[in-house]
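1. The following comprises the amino acid sequence and a computationally predicted model.
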Amino acid sequence: MEKGSPVSFNAKKVLAIVGSSGVAFIAKGTKVNILHPGGLQTKNAFATYMLDWYTKNGNIIMDSSGLYERIANDVSIALSSANAGPDEIQKVVTIIANQIDTGVIVK
C-alpha cells in the first residue's frame, strides 16, 4: 500500500468484499486485482507521517537522549588533556557517533 503498487492474488476461499453497492462474493480460485490497495491516499502515507513526526519531535528526542550532554562532557575532557586540539575533538565525536551507529547506549 505504501508504494501504491497494485496487488494481485488468487482467492484461496470464497471472499466477501463490501463495496459501494453492497457485499460482493468472490469465488475460490478467482484472480483478484486491487489497483490501489488502501486507496490513493495511502501511497507514501507512512513515510510522510514518519518524516513529519521526526521533524516535529526531533529536538525533544535529541534533548532527552543525553547525546548533547555526552558530547559536551567528552569534548570537555578531551580539551583538558595535554594534546587538546581539533583532532582530539574529532576523535571524541567519531567514537560517540560509532557507538550510536552500533546501538551502544550513549548516556
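-> It's in.
2. Following element in sequence after the helix of greatest length in the chain, please.
-> The helix that spans the most residues within the chain, counting by DSSP state H, is helix 45-65. Using DSSP states H and E, the helix or strand that follows helix 45-65 towards the C-terminus is helix 67-79.
3. what's that next one packed up against?
-> helix 86-101 (3 or more Cβ pairs under 8 Å, 6 or more residues apart in numbering; DSSP states H and E). C-beta here means a position set from N, CA and C on the backbone, and glycine is covered the same way.
4. Show me what the helix it packs on is packed up against.
-> helix 67-79.
5. Would you mind extracting the C-alpha trace of the helix it packs on into PDB?
-> Output of helix 67-79 as PDB, limited to C-alpha atoms (Å, rounded to 0.1, in the frame of the first residue of the first chain):
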ATOM      1  CA  LEU A  67      23.600  13.000  23.400                       C
ATOM      2  CA  TYR A  68      24.300  16.700  23.800                       C
ATOM      3  CA  GLU A  69      25.500  16.200  27.400                       C
ATOM      4  CA  ARG A  70      27.600  13.200  26.400                       C
ATOM      5  CA  ILE A  71      29.300  15.200  23.600                       C
ATOM      6  CA  ALA A  72      29.800  18.300  25.900                       C
ATOM      7  CA  ASN A  73      31.300  16.100  28.600                       C
ATOM      8  CA  ASP A  74      33.600  14.100  26.400                       C
ATOM      9  CA  VAL A  75      34.800  17.200  24.500                       C
ATOM     10  CA  SER A  76      35.500  18.900  27.800                       C
ATOM     11  CA  ILE A  77      37.600  16.000  28.900                       C
ATOM     12  CA  ALA A  78      39.500  16.000  25.600                       C
ATOM     13  CA  LEU A  79      40.100  19.700  25.700                       C
END
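6. Model confidence for the residue at the greatest distance from the centre of the chain, exactly?
-> The outermost residue of the chain, judged against the average C-alpha position, is A82 (42.2 Å), by Cα atoms, centre = their mean. Reported pLDDT at A82 in the predicted model: 81.
7. domains of the chain?
-> Structural domains assigned to the chain are 1-65, 66-107, following automatic domain parsing.
8. Fine by me, we can end here.
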